[in-house]
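Make a model of this:
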Amino acid sequence: MNAILICNVGGRDVASEVFPKDNIGERTWAETILTRYHELYATLRLPIIGKALHYLAERRIALDHVILIASDQPPPPDRNAQFWQSDTIHSAAIIRRLLSDGHTPYPALPTDRITIWTIRDERDRGCDPSDYDLTLRFLERQLTKLQHQYPQHTAFLEVTGGTPAMTTGLLIAGTEVFGSRAEVLSIHPAQETPIALNTGKRLLATPLRATLRSNAATYAYAAAARTFLEQEAIITDRLDPIAASLIAPLLDYAHHRFNFAFANARKALEKIHDAGPWQTELDALRAQVTSPDRCSLLAEVVHGAAARYEIGLYADFLVQVVRFEENLLRYLCLLQGVEFRNRRRNTDPDGPYLTREWLQQQPFTLSRDRDRQRDLPVDRSVLRELIGQLLNPSDLHQQALLQAIDKLGALVKRRNELIHHLEGVQKIGLARAFAGPHASSTAADQIVPHLQQLYKAVCKQPLPPSPYQQINHLLDRLLRSKG
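Next comes the predicted model:
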């Protein structure tokens, strides 16, 4: 692992066994140490940074750069003498010298790989290290430049030393800039070994999981899958291992299912070998895309239409309306015993032709049936005329059903017109195609309920719950599960 170490330097970071600080200010004390360095270096201790260096040396982590963050305020009278005396600019210089001479728990580093930053404002003037805003803005500027210099390195943030503003600033700015590559070294006075806290993962996990939930809520499952692939280590941090392993196949399943690619959706879940407590739910989702009957497929189209309407994909919504209407007509025809055939002249309920043998047995002739030697090509107009012939004209229920289906006719026409021009599809256009030329845009909100009522009337059962809500609810629980 290649890494950089970024340390706050405070008044407790350097100490001497033979030269106590007593009432000497940090600046004067450290300046004195520097003038007597050859005499005193063996007596110097690094109570905080030394533990961080020992931790990294034990793990053979290659440090390419060490940053020491210190304070160097303007001298009196511009700054209170007491505060000026507390500055750590010279303390940082002692640490740099100890590091470069090899007198620390970490192997010697070249001086040019040890940099001292002094907290400064936008005008490059030394400023108060207890000022939270100035310190944070300084660190944001400097760390951004450092990240560009080391775009792949892990950044160890030793935040314990320095003022509370320096601790807070390094923690916030370091995590913000380095993200998942930021690891905080928490150093407790009573413990010899620091604790490495990957705050980058922990702080970024929440917004990234929220992004996944937001993508799923808008049925953008492909976008959610890309986010998960790119940020898997962060998103799955501290999740139950089994739950974490289910997220990618679930999103893959959802993406394929939203696009009616049932075979691919089924394959996505077949990759799962152990779903733990979620096995029953995943088995149910897989069963839904394994040999679904025609009513299940019609329900899928209604849910697909509802989802696209909900997020404002009105052109795609129209496609689903047309798909539903035509397949609803086909299903009604199948219930009446109509025979269809595919291009290989095999019987096929989804075939694009009406069989000639079946047509010859009927007491009526369809308006487009002009070649009595061939099967009749099928489209929605043929299906509508055919079911009109097959249903009982005196059955009020059946005739009301046909009228309800016909109410979608203008929407079908609207969709077919789309390919002939470059105009967009607006909600008001949907409303007026469905409810009349003077309807307000809110009338479009009744289209999906109308589809649901048609489904119930034809399939003789209520519309089943949306699979996408089931998927999204499961995804939410997987993202909350703690290992």
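
okay, CA-based contacts and neighbour counts for the rest of this
Will do.

Torsion angles phi and psi at residue 477?
Dihedral pair for residue 477: phi -70, psi -30, per degrees, to the nearest 10.

and it, how many residues sit next to it?
Using other CA atoms under 10 Å, residue 477 has 12 neighbouring residues.

what's the answer for the one 3 residues further on, then?
Counted with other CA under 10 Å, the neighbours of residue 480 add up to 15.

now swap in residue 205 and tell me
Residue 205: 23 neighbours (other CA under 10 Å).

what's the answer for residue 335, then?
Residue 335: 10 surrounding residues under other CA under 10 Å.

try residue 104
Under the neighbour criterion other CA under 10 Å, residue 104 is assigned a count of 20.

do the same with residue 199
By the criterion of other CA under 10 Å, residue 199 has 22 neighbours.

quick one: it and residue 133, what's the gap?
21 Å (CA to CA, to the nearest Å).

Quick check: longest strand in this protein by residues?
Longest strand in the chain by number of residues, with DSSP state E as the criterion: strand 62-70.

If you count neighbours, what's buried in that one?
By 16 or more other CA atoms under 10 Å, the buried positions in strand 62-70 come out as 63, 65-70.

Which stretches in this protein count as strands?
In the chain, the strands defined using DSSP E lie at 2-8, 15-16, 44-45, 62-70, 114-118, 154-158, 182-186, 195-197, 340-341, 353-354, 376-377.

any idea which of the ones you listed is most buried?
Across the strands of the chain, averaging neighbours per residue (mean count of other CA atoms under 10 Å) puts strand 154-158 on top, at a mean of 25.

Parallel or antiparallel, list what pairs with that strand.
Within its sheet, strand 154-158 is paired with strand 2-8 (parallel), strand 182-186 (parallel), according to DSSP bridges.

now what about the first one, what contacts it?
Yep, that's strand 2-8 we're talking about. If you take CA atoms under 8 Å, 6 or more residues apart in numbering as the criterion, strand 2-8 is touched by 49, 61-70, 153-162, 166-167, 170.

tell me the angle it makes with strand 62-70.
20 degrees (axes from the mean of the first three to the mean of the last three CA atoms, to 10 degrees).

Give me the mean pLDDT for strand 2-8.
Averaged across strand 2-8, pLDDT comes to 95.

same question, the last one
When pLDDT is averaged along strand 182-186, the result is 87.

could you dump it to CSV, C-alpha only?
What follows is strand 182-186, C-alpha atoms only, in CSV (Å, rounded to 0.1, in the frame of the first residue of the first chain):
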residue,chain,number,x,y,z
ALA,A,182,-9.0,8.3,4.0
GLU,A,183,-8.2,6.4,7.2
VAL,A,184,-8.3,8.2,10.5
LEU,A,185,-5.7,7.1,13.1
SER,A,186,-7.4,7.4,16.5
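
residues making contact with stretch 220-238?
Residues contacting stretch 220-238 (CA under 8 Å, 6+ apart): 180, 200-202, 204-206, 208-209, 211-212, 215-216, 244, 248, 251-252, 254-255, 479, 482-483.

List the buried residues in that stretch.
So for stretch 220-238, counting by 16+ other CA under 10 Å, buried means 220-225, 227-228, 231-232, 234-238.

Quick one: end-to-end distance for that stretch.
Start and end residues of stretch 220-238 are separated by 25 Å (CA to CA).

Equivalent analysis for stretch 432-449, please.
Start-to-end span of stretch 432-449 (CA to CA) is 16 Å.

from here on, count from 447
All right, first residue 447 from here; so that's stretch 878-895.

Quick check: buried residues in that stretch?
Applying 16+ other CA under 10 Å to stretch 878-895 flags 878-881, 885, 889-890, 893-894 as buried.

Check what contacts that stretch and list those residues.
By CA under 8 Å, 6+ apart, stretch 878-895 touches 748, 751-752, 853-854, 856-857, 860, 873-877.

Need the worst-confidence member of those residues.
Ranked by pLDDT, these bottom out at residue 860 (90).

Run a quick neighbour tally on that residue.
19.

which residue packs closest to it, ignoring adjacent ones?
Computed as CA to CA, 6 or more residues apart in numbering, the closest residue to residue 860 that is not its neighbour in sequence is residue 879, at 7.3 Å.

Can you check the pLDDT for the one you found?
94.

right, and residue 522 touches residue 531 too?
No - applying CA atoms under 8 Å, one finds residue 522 not in contact with residue 531, separated by 9.7 Å.

Just want to know which of these two has more residues nearby.
residue 531 (19 against 12).

And the pLDDT at the more buried one?
92.

distance of it from residue 926?
50 Å.

what do you get for residue 722?
Using CA to CA, we find residue 722 at a distance of 15 Å from residue 926.

Residue 752 too?
From residue 752 to residue 926 the distance is 27 Å (CA to CA).

can you pull the contacts of the closest residue to residue 796 other than its chain neighbours?
The shortest distance from residue 796 to any non-neighbouring residue, by CA to CA, 6+ apart, is to residue 786 (6.9 Å). Residues near residue 786 by CA under 8 Å, 6+ apart: 793-801.

Mind doing that once more with 10 Å?
Residue 786 sits next to 776, 779-780, 792-802, 804, 821-824 when contact means CA atoms under 10 Å, 6 or more residues apart in numbering.

Looking at the contacts of stretch 878-895, which one is closest to residue 487?
When the contacts of stretch 878-895 are ranked by distance to residue 487 (CA to CA), residue 752 comes first, at 74.4 Å.

Surely the closest one and residue 897 touch.
Yes - the criterion here is CA atoms under 10 Å, and residue 752 meets it with residue 897 at 9.2 Å.

With just CA atoms, put stretch 903-922 into PDB.
Extracted in PDB, the C-alpha atoms of stretch 903-922 (Å, rounded to 0.1, in the frame of the first residue of the first chain):
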ATOM      1  CA  ALA A 903     -62.400  -7.100 -15.700                       C
ATOM      2  CA  VAL A 904     -60.600  -9.300 -18.200                       C
ATOM      3  CA  CYS A 905     -58.400 -11.400 -15.900                       C
ATOM      4  CA  LYS A 906     -61.100 -11.700 -13.200                       C
ATOM      5  CA  GLN A 907     -58.800 -10.900 -10.400                       C
ATOM      6  CA  PRO A 908     -57.300  -7.700  -8.800                       C
ATOM      7  CA  LEU A 909     -54.000  -6.400 -10.100                       C
ATOM      8  CA  PRO A 910     -51.200  -8.000  -8.000                       C
ATOM      9  CA  PRO A 911     -48.800  -5.800  -6.100                       C
ATOM     10  CA  SER A 912     -46.100  -4.000  -8.000                       C
ATOM     11  CA  PRO A 913     -43.000  -6.100  -8.200                       C
ATOM     12  CA  TYR A 914     -40.900  -2.900  -8.200                       C
ATOM     13  CA  GLN A 915     -42.100  -2.000  -4.700                       C
ATOM     14  CA  GLN A 916     -41.200  -5.400  -3.600                       C
ATOM     15  CA  ILE A 917     -37.800  -5.100  -5.100                       C
ATOM     16  CA  ASN A 918     -37.200  -1.700  -3.600                       C
ATOM     17  CA  HIS A 919     -38.400  -2.700  -0.200                       C
ATOM     18  CA  LEU A 920     -36.000  -5.700  -0.200                       C
ATOM     19  CA  LEU A 921     -33.100  -3.500  -1.400                       C
ATOM     20  CA  ASP A 922     -33.800  -1.000   1.400                       C
END
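
For that stretch, buried residues please.
For stretch 903-922, burial by neighbour count (16+ other CA under 10 Å) applies to 904-905, 909, 913-914, 917-918, 920-922.

if we take these, which one ends up nearest to residue 456?
Out of those, the member with the shortest distance to residue 456 (by CA to CA) is residue 922, at 43.6 Å.
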